[in-house]
Structures are given as structure tokens and as C-alpha cells.
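# give me the fold of what follows.
(one chain, ligands or ions: 1)
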Amino acid sequence: MKHQQLLVANWKMNGSAELVDSISATLAGITFTGLDVVICPPFTLLHRFAEQRNFALGAQNVSQHSAGAYTGEISAAQLLEANATYVIIGHSERRTLNAETDELIAAKLKAATEAGLTPILCVGETLEQRQQEKTEQVIARQLDAVYASQPELLAKSVIAYEPIWAIGTGESASPEQAQAIHAFIRDHLAQLDSAVASKIKLLYGGSVNGENCSALFAQPDINGALVGGASLKAAEFAQICSSAQE
Ligand code: 13P
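Got it, this is the predicted structure:
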């Protein structure tokens, strides 16, 4: 079965009103066929995007709480009100820099899905874990923390495999390396629900650019990408969108 492809731009703590305008104008000139595009800017820029556009919006984080005395946090309902329909959860930068645990990530996923957001759960290993041949073990743990106790979340999620050694380094995983882990993820999830596992979108992230994207998209278990740096350049991101439709 050919999946509808999904391309997600993670702007991280980059971008401005000017970038909102240039990306919006560039993407407006493309008709997406068999492809959904999601832009995840910093929270403050969500409202800068026009109501009418040919792509969806997402956030880069969400609170596990629904409301209350949580200074600096943003709830899933508030994100929906700001026109976001997706949210990135468990990005390695937040796992490392904000000490997010598997338990917290599971709680965020639950809060997001209950509110009606589609979570994009990020998983991936460090270089050291790969060298020690622990990649599958690490990813299984990250998946099980979310789905083993709450398998119903699986049907509502997207998963992004982002090897930490490939993020922002210019060194993407090879298409074969990425495909092998995507196949592992699908097989692992099939133990919980095989029908959902065959349908779930698995994105690859880590130094995706206009040059390497086609070979990644050609892999059978890669259904799109989570793009960082290259999503900040309108022309290159448009090129990645075109490749995802081929
Ligand atoms: P880069 O594409 O800049 O490597 O970032 C990947 C990433 O972390 C996307 O979430």
C-alpha cells in the first residue's frame, strides 16, 4: 500500500515573520499530490500564518497538563486555538536539553491525542548507542514507554526516526540504514496492532536536504521526513516537497 507522504518542517528556535511570508508564498505555488506538508514554527509565529493555506501547522512541544499554574507552558487546547493540528513530542533536543523522560513524553502524547492533535513522536539513538549495537533496544524502549501501556495512541500518531548523530551534522543516515530501522519500528509496533502498524506514517529526520531526499523517500518504509535546517530555506524546502511527490 502506498502511503500518503508527510513532510514536516521543524523550524526549532529559528524563523521570523519574514520567513512565514516567504515560505507561505513559495508553497502556495505548489499543488501537493499524495503529500501533506506541516510547518512547525516557534509558538509565537503560529498566528502569523494565513487561515487559508495549502499546508498544516504544528507546534514543537506541548504541556502534559490541560491548564493551571504552569508558567511558560502551553496546552494542547491552546495550540489547537492557534491553528496547530500537529505537535512534535520527544525530540532529542528536548530529551537532552530539557531532561524529558520517556514517562513525561508518554503523558504529553496522551494529552495531545485527547485534545485532538496529531503527535509526531521522535525516537532515535546516539552515536555511542549505535556503535554499541544498541539502536534497536533504545528505540524499542522509547516506543514501549508510550504504546505498551496505551496501544490506542498508536492509531493517532506519526513516528519520526531521528538518529541523534545525523541531526544538524550534515551526515544523514544512508537510505539503507534508515530503511532498516523503519522496518524494525513497523515490525515492533505490529506486535501491538498489525493493521495500525502497517498504516502508521514513519518519517526519517536528520540532515535531510534537497540532494539526499529522493533516495530516502524511495525506501518502502519511509513515508516522509522531518526536516530541520533545510526547511528554513524556501526554495530547498519546495524542492524536498517536489521530491516527496515523485
Ligand atoms: P536537521 O535537518 O537540521 O538535521 O534537523 C533534523 C531535526 O532535528 C528535525 O527535527
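# which bits of this protein sit near the ligand?
10, 91, 162, 167-168, 205-208, 226-230 (C-beta under 6 Å from any ligand atom). Heads up, the C-betas are built off the backbone N, CA and C, glycines and all.
# let's go with 8 Å and repeat that
Within the chain, the positions adjacent to the ligand are 8, 10, 12, 88, 91-93, 122, 160, 162, 166-170, 172, 205-209, 226-231 by C-beta under 8 Å from any ligand atom.
# filter those residues down to just the ones in strands.
Counted as lying in strands by DSSP state E, out of the residues of the chain next to the ligand, are 8, 10, 88, 122, 160, 205, 226-227.
# where does this protein have low pLDDT?
1-2 (pLDDT under 70).
# point to the residue nearest the middle of it.
In the chain, the centroid-proximal residue (C-alpha atoms, centre = their mean) is residue 120; its distance is 4.4 Å.
# put the alpha carbons of stretch 231-246 into CSV.
Extracted in CSV, the C-alpha atoms of stretch 231-246 (Å, rounded to 0.1, in the frame of the first residue of the first chain):
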residue,chain,number,x,y,z
SER,A,231,13.2,23.7,6.0
LEU,A,232,14.3,27.3,6.7
LYS,A,233,15.2,27.8,3.0
ALA,A,234,12.1,28.2,1.0
ALA,A,235,13.5,27.1,-2.4
GLU,A,236,15.2,24.0,-0.9
PHE,A,237,12.1,23.0,1.1
ALA,A,238,10.0,23.4,-2.0
GLN,A,239,12.4,21.1,-3.8
ILE,A,240,12.1,18.5,-1.0
CYS,A,241,8.3,18.8,-1.3
SER,A,242,8.5,18.1,-5.1
SER,A,243,10.8,15.0,-4.5
ALA,A,244,8.3,13.6,-1.9
GLN,A,245,5.6,13.6,-4.6
GLU,A,246,7.5,11.6,-7.2
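# quick one: contacts of it?
For stretch 231-246, the surrounding residues in contact (C-beta atoms under 8 Å, 6 or more residues apart in numbering) are 5, 7, 9-11, 14-15, 19, 22-23, 25-27, 29-30, 32-35, 37, 39, 208-210, 213-214, 217, 224-225, 227, 230.
# what's the closest non-adjacent residue to the one residue in the chain that gets nearest to the ligand?
Using C-beta to the nearest ligand atom, the single residue of the chain nearest to the ligand is residue 228, 2.2 Å away. In this structure, residue 228 finds its nearest non-sequential neighbour in residue 10, 5.3 Å apart by C-beta to C-beta, 6 or more residues apart in numbering.
# touching, that neighbour and residue 227? I think so.
Yes. Using C-beta atoms under 8 Å, residue 10 makes contact with residue 227 at a distance of 6.8 Å.
# which neighbours do these two have in common?
residue 205.
# which residues sit against stretch 109-119?
In contact with stretch 109-119 (C-beta under 8 Å, 6+ apart) are residues 58, 62-66, 75-77, 79-80, 84-90, 108, 121, 146, 150, 153, 156-158.
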